[in-house]
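> Sequence below, structure please.
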Amino acid sequence: MIREILLLGNQQLYQKSSMIEIVEIDIIEKAIIDLHDTLMDFRSKYGAGRAIAAPQIGIFKRLIYMYIDKPVAFINPIIKFEDDELMEVLDDCMSFPELLIKVKRHKRCTIEYKDMDFNENVMKLEEDLSELLQHEYDHLDGILATMRAIDDKSLCLKSQKGILKG
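Numbers count the residues shown, from 1 in each chain. Have a look, this model is predicted:
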């Protein structure tokens, strides 16, 4: 089911999400369907969208759904950084679809997570996928890209993208 995406200004976006217990797997299966449907709807409207975090649709559980080549559900993810190398990126978000924010993100990361069978998995990510998962992971902790802006001049509307260098 397509769910409403919480938008910038909604105080719920700053809420920290709780861990998922194995007994909640039926609820999580439904949440993943809703995340998929919502992501695909956003893609059809905006021509963008690779991943979504459960808190963005009002489900305050540690769950990220990504669909690039195939669907991946990250249950109870933990991000680790292998080094301190950062990159500057223009970050966007489904919760503020017309806004870009210049932020610094780690160039590489490793994400440990459980799959739908609660098996442990590890994925190493670089560049844009590293940035993507860091962004979604922040949502689980109630952190928005606006809170990570490099400075107070690092925000612009997508229509004004040429103004920000990065």
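> For D37, grab the count of nearby residues.
14 (other C-beta atoms under 10 Å). Every residue, glycine included, has its C-beta placed from N, CA and C.
> can you check P71 too?
By the measure other C-beta under 10 Å, the count of residues near P71 is 12.
> which residues does it bridge with?
When bridges are assigned using DSSP bridges, the partners listed for P71 are Y67.
> any idea how far M94 is from it?
Here P71 is placed at a distance of 17 Å from M94 (C-beta to C-beta, to the nearest Å).
> same deal with A31?
Going from A31 to M94 by C-beta to C-beta gives 16 Å.
> S154 too?
19 Å.
> Could you find the closest non-adjacent residue to L157?
When the adjacent residues along the chain are set aside, L157 lies closest to E98, with 5.6 Å between them (C-beta to C-beta, 6 or more residues apart in numbering).
> so is that neighbour in a helix, a strand, or just coil?
Three-state secondary structure (criterion: DSSP: H, G, I helix; E, B strand; the rest coil) places E98 in strand.
> surely it meets C156?
No - in this structure E98 lies outside contact range of C156 using C-beta atoms under 8 Å: 9.8 Å.
> Can you report how many residues lie near the nearest residue to L7 once chain neighbours are set aside?
Closest residue to L7 apart from its sequence neighbours, by C-beta to C-beta, 6+ apart: S95 at 5.5 Å. The number of residues packed around S95, counting by other C-beta under 10 Å, is 21.
> My guess is S95 contacts Y14. True?
No - counting by C-beta under 8 Å, S95 stays clear of Y14, with 11.1 Å between them.
> Quickly list what's touching both of the two.
L144 (C-beta atoms under 8 Å, 6 or more residues apart in numbering).
> List the contacts of stretch 141-156.
8, 13-17, 55, 88, 91-93, 95-96, 99-104, 135, 138, 163-164.
> rerun at 7 Å
The set of residues that contact stretch 141-156 without belonging to it, under C-beta atoms under 7 Å, 6 or more residues apart in numbering, is 8, 13-16, 91, 93, 99-104, 135, 163-164.
> Equivalent analysis for stretch 68-82, please.
Judged by C-beta under 7 Å, 6+ apart, the contacts made with stretch 68-82 from elsewhere in the structure are 19-20, 28, 32, 36, 50, 62-66, 106, 108-116, 133-134, 137.
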